[in-house]
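Participant: Quick one, structure for this:
(one chain, ligands or ions: 1)
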Amino acid sequence: MSEKTPITVARGDGIGPEIMDATLRILEAGGAQLEVEEIEIGEKVYQRGLQNGIEERSWESLRRTKVFLKAPIFTPMGKGFKSLNVTVRKTLGLYANLRPCVSYHPFINTEQKDMDVVIVRENEEDLYAGIEYRQTQTVCESIKLISRPGSEKIIRYAFEYAKAHGRKKVTCMIKDNIMKMSDGLFYQVFQEIGAEYPDIEQERYIIDIGTGRIAARPGDFDVIVTENLYGDILSDVAAEMTGSVGLGISANIGETCAMFEAMHGTAPDIAGKGIANPSGLLLGAIMMMVHIGQNDVAGRVHNAWLKTIEDGIHTGDIYREGASKKRVGTEEFSQAVIERMGQMPEILPVQDYGQGRAERFNLPPLKEVKLQKKELVGCDIFLDWTGDPDKLGETCSKIGTSRFHLKTISNRGMKVWPDGAKETFCSDQWRLRYMAKDKMLHAHILDLVDQFIAQDFDVIRIENLYQFDGENGFTQSQGE
Ligand code: NAI
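Facilitator: Numbers count the residues shown, from 1 in each chain. The predicted model follows:
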């Protein structure tokens, strides 16, 4: 008997324990050699007052086994609680979130007959940094962070994945017509890295039409690489299109650790009823078996699962009169998979994982970035204020005049001074753009802020304006 691989397992909340039991039972029947270490995460831990939903000692297990099979967990809605999913992904550096979405037509009822898409979602940054502020009575802010190394890692991963799996095309989905700097950077890196993979077709979609297109013509897509939030939404759309979100897989891969889970949540509406579909978690666990090198087990279990699906033995979420033969609960479904261990699907493609289809690649070092000359050229002062933009412009154009000139005032990104449109709705958050008249220092910004405070203005935020090699590192206001 081969050596057992230690893995960390969390049964999670809601339907979590039910689908985890089913998954572990099926893996065992498939001959998996696992040494399971259980940790407790989620609701019970949150209730004990731990705002991250995980205990310190659980990290020790995760760092040692480096492989985490995780059932869905409940994230409390209240302020202060942090999403454990995001915490685990970021703490362990699980930068790549792999979400394959496959159609099992005609056995699982779906309009989409030819869907075999892999969504490679960035997993550590973007709006999921969770940096948020309430600045005024009526305005809250979330900061979207896109970094060059973060983008490079995920884009390189997507191309390496495509190469290793014989995939023909990588599509980049972004919204760089609006977010010219952050999404613009992501796309620029896509082009730079893409140039190293001339044999792989490359294309770009704006995320809104891209999502529409995947819903209408999923067969046009192969591997999709995208940012964190877009990938989250896109993959739920794609998973639902395959027949049920209960089929969706989410593999989170880092340089040293990896976490495998179902895409869906705790499904509180069906928890405890014994009817949940364990397939998402099981398919995630199959990816885990490949990850730890037990490829033969992965193939055996996957083929048994496909045969079960072909035989029309379906849980309620995928059961359709005509397409399905028997509606079963979680336990009966897993028993059906176990009984088919060793069998192959007859119509759906047989899965052969061979030896080398790992999901983790040794990426080359990050590209060297040529440092550019960074020069401070002004600052944006944000105010909590209520009133007429012309009045604000008149007052504030007299502030800081020895070193700065007030160029524009904008409200929610729209220029409202000078010459604003009177129809523009203004909130109580204002951005005043001061450009330096001459070479400037950080200390000059503090002087400027002092002058605002002296006039009883509520300065809620300051943003430095830089040029890089003479090019603006900031966008203009709409209408400027
Ligand atoms: P959900 O994915 O739990 O449920 C959405 C719908 O899909 C429900 O109708 C549910 O019954 C159904 N569904 C989900 N998985 C199913 C399965 N395996 N078999 C059959 N039907 C299934 O999404 P929801 O309701 O928005 O979230 C519930 C909780 O889950 C929240 O607390 C959320 O924070 C958490 N969540 C956790 C995730 C994780 O741990 N990775 C991911 C997404 C949500």
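Participant: ok, residue 154 - contacts?
Facilitator: Neighbour list for residue 154: 95-96, 120-123, 225 [criterion: CB atoms under 8 Å, 6 or more residues apart in numbering]. From N, CA and C alone the C-beta is placed, and that goes for glycine too.
Participant: Residue 347: which of those residues is nearest?
Facilitator: residue 120 (28.2 Å; CB to CB).
Participant: what is that closest one paired to in the beta sheet?
Facilitator: With DSSP bridges applied, residue 120 shows beta-bridge pairing to residue 98, residue 225.
Participant: contacting residues for it?
Facilitator: Going by CB under 8 Å, 6+ apart, residue 120 touches 96-99, 154, 157-158, 161, 223-226, 231.
Participant: again, 10 Å this time
Facilitator: For residue 120, the contacting residues are 96-100, 154-155, 157-162, 170, 223-226, 231, 235, 253, by CB atoms under 10 Å, 6 or more residues apart in numbering.
Participant: out of these, which are inside helices?
Facilitator: Secondary structure from DSSP state H places 154-155, 157-162, 231, 235 of those in helices.
Participant: what's the distance between the helix or strand that contains residue 118 and the middle of its chain?
Facilitator: Assigned by DSSP states H and E, residue 118 belongs to strand 116-122. With CA atoms, centre = their mean, to the nearest Å as the basis, strand 116-122 stands 10 Å off its chain's centre.
Participant: Next secondary structure after that strand?
Facilitator: The helix or strand immediately downstream of strand 116-122 is strand 132-134, counting by DSSP H and E.
Participant: could you say what helices and strands that following strand packs with?
Facilitator: strand 140-142, strand 458-468 (3 or more CB pairs under 10 Å, 6 or more residues apart in numbering; DSSP states H and E).
Participant: Looking at those strands, which is nearest to residue 114?
Facilitator: Across these, closest to residue 114 is strand 140-142 (CB to CB), at 37.2 Å.
Participant: before we move on, back to that, among the contacts of residue 120, which are in reach of the ligand?
Facilitator: Near the ligand, taking CB under 6 Å from any ligand atom as the test, no member of the contacts of residue 120 is found.
Participant: Spell out which residues of the stretch 301-450 of the chain are next to the ligand.
Facilitator: So far as CB under 6 Å from any ligand atom goes, the stretch 301-450 of the chain lies against the ligand at residue 317.
Participant: Just the strands from the stretch 301-450 of the chain, written as ranges.
Facilitator: Residue ranges of the strands in the stretch 301-450 of the chain, as given by DSSP state E, counting those that start in this stretch, are 313-315, 326-328, 374-384, 404-411, 414-417, 429-436.
Participant: Which of those strands sits closest to residue 39?
Facilitator: For residue 39, the closest of the strands of the stretch 301-450 of the chain is strand 313-315, at 27.1 Å, according to CB to CB.
Participant: Closest approach to the ligand from the chain, which residue is it?
Facilitator: In the chain, the residue that lies nearest the ligand is residue 265 (2.3 Å; CB to the nearest ligand atom).
Participant: and residue 140, what does it touch?
Facilitator: 132-134, 429.
Participant: which of those residues lies closest to residue 83?
Facilitator: Residue 83 has its nearest neighbour among the contacts of residue 140 in residue 132, at 12.7 Å by CB to CB.
Participant: Where does the prediction get shaky in this protein?
Facilitator: For the chain, the stretches flagged by pLDDT under 70 are 1-2, 78-79, 356-358.
Participant: Output the helices and strands packed on strand 132-134 in TSV, with distance to the ligand appended to each entry.
Facilitator: Shown next, in TSV, are the helices and strands packed on strand 132-134 (distance: least, CB to the nearest ligand atom, whole Å):
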stretch	distance to the ligand
strand 140-142	17
strand 458-468	30
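Participant: Mean neighbour count, these: which tops it?
Facilitator: Among those, the stretch with the highest mean neighbour count (mean count of other CB atoms under 10 Å) is strand 458-468, at a mean of 15.
Participant: right, and the helix or strand after that strand?
Facilitator: strand 471-472.
Participant: And the contacts of that following strand?
Facilitator: By CB under 10 Å, 6+ apart, the list of residues contacting strand 471-472 from outside reads 181, 372, 377-378, 465-466.
Participant: between those, which is nearest residue 53?
Facilitator: Nearest to residue 53 out of the contacts of strand 471-472 is residue 181 (CB to CB; 33.3 Å).
Participant: Just give the number of residues close to the closest one.
Facilitator: Neighbours of residue 181 under the rule other CB atoms under 10 Å: 13.
Participant: In stretch 320-331, which of the residues would be classed as buried?
Facilitator: Neighbour-count burial for stretch 320-331, with 16 or more other CB atoms under 10 Å as criterion, is recorded at 323-324, 327-330.
Participant: what about it, distance to the chain center?
Facilitator: Its chain's average C-alpha position is 32 Å from that of stretch 320-331, according to CA atoms, centre = their mean.
Participant: Stretch 255-266 now?
Facilitator: With CA atoms, centre = their mean, you get 12 Å for stretch 255-266.
Participant: can I get the CA coordinates of that stretch in CSV?
Facilitator: In CSV, the C-alpha atoms belonging to stretch 255-266 read as follows (Å, rounded to 0.1, in the frame of the first residue of the first chain):
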residue,chain,number,x,y,z
GLU,A,255,3.3,28.3,-4.6
THR,A,256,3.3,26.0,-1.6
CYS,A,257,-0.3,25.4,-0.5
ALA,A,258,-3.6,24.7,-2.1
MET,A,259,-7.2,24.6,-1.1
PHE,A,260,-10.0,22.7,-2.9
GLU,A,261,-13.6,23.4,-2.4
ALA,A,262,-17.0,23.6,-4.1
MET,A,263,-17.9,26.9,-5.7
HIS,A,264,-21.2,27.2,-3.9
GLY,A,265,-22.0,28.3,-0.4
THR,A,266,-23.6,26.6,2.7
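Participant: Buried residues, it. List them.
Facilitator: Under 16+ other CB under 10 Å, the buried positions of stretch 255-266 are 257-266.
Participant: what do you get for stretch 138-150?
Facilitator: For stretch 138-150, burial by neighbour count (16+ other CB under 10 Å) applies to 139, 144, 146-147, 150.
Participant: Present the contacts of residue 140 as CSV; the columns should include distance to residue 334 and neighbour count.
Facilitator: Listed next are the contacts of residue 140 as CSV, based on distance: CB to CB, whole Å; neighbours: other CB atoms under 10 Å:
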residue, distance to residue 334, neighbour count
132, 41, 11
133, 47, 12
134, 47, 10
429, 53, 21
